[in-house]
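**Q** Structural data only, the sequence is not supplied:
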């Protein structure tokens, strides 16, 4: 199938590696408003000279190839307009995160995708399709979950990303919340198979930081099984801390997620020794954003006759690369491409699991964090769903 890259920057290069490793995809054209890039696009991207354009509509009208997918890897503020143009032109769409700049734009894109069931959509939420998170999903959603009934979660992602941000991201007011946070939110939704229904957050910049925008998020989240949004007894609670201005780290990038249940905990732990290996390698893929050396472990209570006799059994859990048990051999971005390939063959009947409708519920959590921080109030997120759920007055969190 034929794909055009819309926005030939850094994100596009990341996708390029996975497109080239997938036997059913070819990059046939480049769209970018930077004409200097287009002057060299034919050689750099190995596409025909007459397949470089400044707009999607030009690529469709004047291109010499039939185009199946627009892969949009431009800055976030352009996503709403470009994805709308692509869908209305009859193209399937893969859209890099974040979905849009506002909740209203995200709602419009999701409704537009729903109005074209023959087309497939997917967000660039590739973290969920990695061994760590797929293995956690299998464990947490199993009837034989080793930790018993999940009750609460603590998650931390911390790094030091320099004294300043560069490029278009430097113009974002809340960089971490608008650019990185959605990956972890999406993974939490995916591995628990629950929805995040409420958020209370602080989004800020450390006093000493020279950044021009906020770099840090502290958030309290409430998750609920599907259909149990108003049943407080079914809720799961989560503390989330995300930061791009952390000093004093043992490693350059620290990821630490802990899932607590009635019988113990599951933990995605950072390495305990200093390492220069920043990113993990898995099945030939370099997983940007997954810390090299991170371990998935279970800590289970082994009860004795008396409380003083109880012990903890610690086990490292092997990571499963057979994402969604499909046996495709693909993970990460390549798995999104595989889902799109299968979905397009089905004429939209088999939508990617990370389609716009699903991904919108991850996106609004990041916007909810910003709204909560600015208002000083908790935000009931189902009010923004396409099928809204009202917050019961007797369940409001104080």
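**A** That came through, no problem. This is a predicted model, so every value here is computed, not measured.
**Q** so where's the protein shaky on pLDDT?
**A** Along the chain, the model assigns pLDDT under 70 to residues 273-278, 304-309, 394-398.
**Q** Now do the helices in it.
**A** Counting by DSSP state H, the chain has these helices, from start to end: 10-21, 35-45, 56-62, 79-88, 103-114, 131-140, 175-179, 181-192, 332-345, 356-375.
**Q** got the phi/psi numbers for residue 9?
**A** Phi and psi for residue 9, reported as degrees, to the nearest 10, are phi -110, psi -150.
**Q** how about it, what does it touch?
**A** 73-74 (Cβ atoms under 8 Å, 6 or more residues apart in numbering). All C-beta atoms are positioned from the backbone trio N, CA, C, and that covers glycine.
**Q** ok, the nearest residue to residue 174 once chain neighbours are set aside - how many residues close by?
**A** Distances taken as Cβ to Cβ, 6 or more residues apart in numbering place residue 214 nearest to residue 174, at 4.6 Å, with adjacent residues excluded. Residues near residue 214, counting by other Cβ atoms under 10 Å, number 23.
**Q** among the helices of the chain, which is nearest residue 316?
**A** helix 131-140 (11.4 Å; Cβ to Cβ).
**Q** So what touches that closest one?
**A** 127-128, 145-147, 150, 187, 190-193, 259, 266, 268, 282-283, 290, 294, 296, 298, 317-324, 331.
**Q** Next: stretch 68-76.
**A** 1-9, 11-12, 15, 19, 31, 56, 78-79, 82-83, 86, 91-98, 100-101, 124, 168-169, 172, 178-179, 340, 344.
**Q** For ChimeraX, what selects the buried ones among the residues you listed?
**A** Listed next is the ChimeraX selection for buried residues among the contacts of stretch 68-76, using 16 or more other Cβ atoms under 10 Å:
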select :1,3,4,5,6,7,8,9,11,12,15,19,31,56,78,79,82,83,86,91,92,93,94,95,96,97,98,100,101,124,172,178,179,340,344
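**Q** Break the chain into its domains for me.
**A** Domain assignment for the chain, taken from automatic domain parsing, gives 2-124+334-352, 128-326.
**Q** okay if I get those domains as a markdown table plus distance to residue 371?
**A** Below are the domains of the chain laid out as a markdown table (distance: least, Cβ to Cβ, whole Å):
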| stretch | distance to residue 371 |
| --- | --- |
| domain 2-124+334-352 | 8 |
| domain 128-326 | 9 |
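**Q** wait, which of those domains is closest to residue 382?
**A** domain 128-326 (5.6 Å).
**Q** Strands of the stretch 251-398 of the chain, residue ranges please.
**A** Remark: strands assigned in the stretch 251-398 of the chain by DSSP state E, counting those that start in this stretch are 253-261, 264-269, 279-282, 285-291, 295-302, 311-316, 379-380.
**Q** In JSON lines, list the helices of the chain along with distance to residue 219.
**A** Output for the helices of the chain, formatted as JSON lines (distance: least, Cβ to Cβ, whole Å):
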{"stretch": "helix 10-21", "distance to residue 219": "25"}
{"stretch": "helix 35-45", "distance to residue 219": "37"}
{"stretch": "helix 56-62", "distance to residue 219": "36"}
{"stretch": "helix 79-88", "distance to residue 219": "23"}
{"stretch": "helix 103-114", "distance to residue 219": "17"}
{"stretch": "helix 131-140", "distance to residue 219": "19"}
{"stretch": "helix 175-179", "distance to residue 219": "9"}
{"stretch": "helix 181-192", "distance to residue 219": "8"}
{"stretch": "helix 332-345", "distance to residue 219": "26"}
{"stretch": "helix 356-375", "distance to residue 219": "5"}
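**Q** Among those helices, which comes closest to residue 218?
**A** Closest to residue 218 of these is helix 356-375 (Cβ to Cβ; 9.0 Å).
**Q** now the angle between helix 103-114 and that closest one, please.
**A** 170 degrees (axes from the mean of the first three to the mean of the last three Cα atoms, to 10 degrees).
**Q** Check which helices and strands helix 356-375 sits against.
**A** Other elements packing on helix 356-375 under the criterion 3 or more Cβ pairs under 8 Å, 6 or more residues apart in numbering; DSSP states H and E are helix 103-114, strand 121-123, helix 175-179, helix 181-192, strand 194-204, strand 216-225, strand 379-380.
**Q** Could I get the buried residue list for it?
**A** For helix 356-375, by 16+ other Cβ under 10 Å, it's 356-373.
**Q** Pull the distance from it to the chain's centre.
**A** Relative to its chain's centre, helix 356-375 lies at 12 Å (Cα atoms, centre = their mean, to the nearest Å).
**Q** Check stretch 62-78 too.
**A** 20 Å.
**Q** and if you look at stretch 353-370?
**A** So, by Cα atoms, centre = their mean, the centroid of stretch 353-370 is 9 Å from its chain's centroid.
**Q** heads up, I number from 248, so please use that
**A** Okay, using 248 as the starting number, the last item reads as stretch 600-617.
**Q** Surely residue 533 and residue 526 touch.
**A** Yes. Counting by Cβ atoms under 8 Å, residue 526 is a contact partner of residue 533 at 5.4 Å.
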